[in-house]
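**Student:** need a 3D model of the sequence below.
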Amino acid sequence: MSESDHVWPRRYDLYEAKGILMSRSDPDPLKSTLMQELTRYNVLLAAMSTSLRNLQSGIKGITVITAELELVFDALLVGKVPEAWSFCYPSLKPLGSWFRDMLQRVAFFKAWLEEGMPKAYWLSGFTYPTGFLTALLQTSARKNGAPIDSLSWDFPVLNQNKAHITQHPKEGAYIHGIFLEGARWDAEHGCLADALPLELIAHMPVVHFKPVDNKKKVSRGLYVCPLYLYPIRTGTRERPSFMIAVEVKAGSFDANFWTKRGTALLLSDAS
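**Tutor:** So this is what the prediction gives:
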């Protein structure tokens, strides 16, 4: 299989990436996060390339098809993601959707490296999004001379398309790519609303993840909405799915209503 950009994503040149980042004035925690993500995706791309190349050789009779390659072959035949490729991040997507999603993830970090920090970050593209959020807190703590333990989050929701965002926020980051399960976002009133008929998952607008110091208790009229990596909310023993609790306006229903509905935010759907 050719590894041209149109067929197969090239692995990142980590030595070159380090040189590019050293020449920039980006916050060090975000530089470290980007390098970690590039490294993890390199490992995934290498694993995929190696297994497919070995599988092709095995089919041609050049090499022996091992038990591990048989599992890869069986998964590909039925359109599933081989288990040997699923170590990088959790996903319930079928193979076709998963591959397109993976290409978008690789392109996102390539653009970040080559063009500079995005105005809005695609949180779903991170293998470890909690690491990115920690880097945002570290950046804010260093900038303001505040202990990181004293920082928490505010979550203003923007009624603005990510393509129209032209500047970075003073604190934190604008986040897109979040889904809402069990509700929808009422852009007109800026709050949660009952889901439309037959709509299981809705898109969430851009959310400003804003670090704040000495935040007060949760105000009335807010729903503390859990954010999960993907639809399996329990996750696994090795990789919990829960990330963070996001406070959003509950709208005409109270928080108990949304709790009983099981309303939650997701970074990935199953399609």
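
**Student:** could you use CA atoms for every contact and neighbour count after this?
**Tutor:** Fine.

**Student:** burial of residue 22, as a residue count?
**Tutor:** One way to gauge burial is a neighbour count; for residue 22, by other CA atoms under 10 Å, it gives 12.

**Student:** same check on residue 180?
**Tutor:** When neighbours are counted by other CA under 10 Å, residue 180 registers 24.

**Student:** I'd guessed it sits against residue 202; true?
**Tutor:** Yes - checked against CA atoms under 8 Å, the pair residue 180 and residue 202 is within contact range at 5.1 Å.

**Student:** helix/strand/coil for residue 212?
**Tutor:** For residue 212, the secondary-structure state derived from DSSP: H, G, I helix; E, B strand; the rest coil is strand.

**Student:** and it, what does it touch?
**Tutor:** Residue 212 makes contacts with 151-154, as judged by CA atoms under 8 Å, 6 or more residues apart in numbering.

**Student:** just residue 268 next, same as before
**Tutor:** Here residue 268 is in contact with 91, 124, 178-179, 229-231 (CA under 8 Å, 6+ apart).

**Student:** helices of the stretch 151-271 of the chain, start to end?
**Tutor:** Listed in chain order, the helices found in the stretch 151-271 of the chain under DSSP state H, counting those that start in this stretch are 255-261.

**Student:** do the stretch 1-150 of the chain as well
**Tutor:** Under the criterion DSSP H, counting those that start in this stretch, helices of the stretch 1-150 of the chain are mapped to 14-22, 28-59, 67-77, 95-115, 129-144.

**Student:** could the ones you listed be laid out in CSV, adding distance to residue 213?
**Tutor:** Compiled in CSV, the helices of the stretch 1-150 of the chain are given as follows (distance: least, CA to CA, whole Å):
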stretch, distance to residue 213
helix 14-22, 29
helix 28-59, 19
helix 67-77, 48
helix 95-115, 28
helix 129-144, 9
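
**Student:** among those helices, which comes closest to residue 196?
**Tutor:** In this view, those are compared for proximity to residue 196 by CA to CA, and helix 95-115 is the closest at 24.6 Å.

**Student:** tell me the angle that closest one makes with helix 67-77.
**Tutor:** For helix 95-115 against helix 67-77, the angle between stretch directions is 100 degrees (axes from the mean of the first three to the mean of the last three CA atoms, to 10 degrees).

**Student:** how about low-confidence regions in the chain?
**Tutor:** Within the chain, the segments meeting pLDDT under 70 span 1-7, 216, 218.

**Student:** hmm, 50 instead?
**Tutor:** Low-confidence segments of the chain, defined by pLDDT under 50: 1-6.

**Student:** still on that earlier bit, of the contacts of residue 212, keep whichever come out buried.
**Tutor:** Buried members of the contacts of residue 212, counted by 16 or more other CA atoms under 10 Å: 151, 153-154.

**Student:** looking at the residues you listed, which are in strands?
**Tutor:** If you go by DSSP state E, the buried ones among the contacts of residue 212 have 151, 153-154 in strands.
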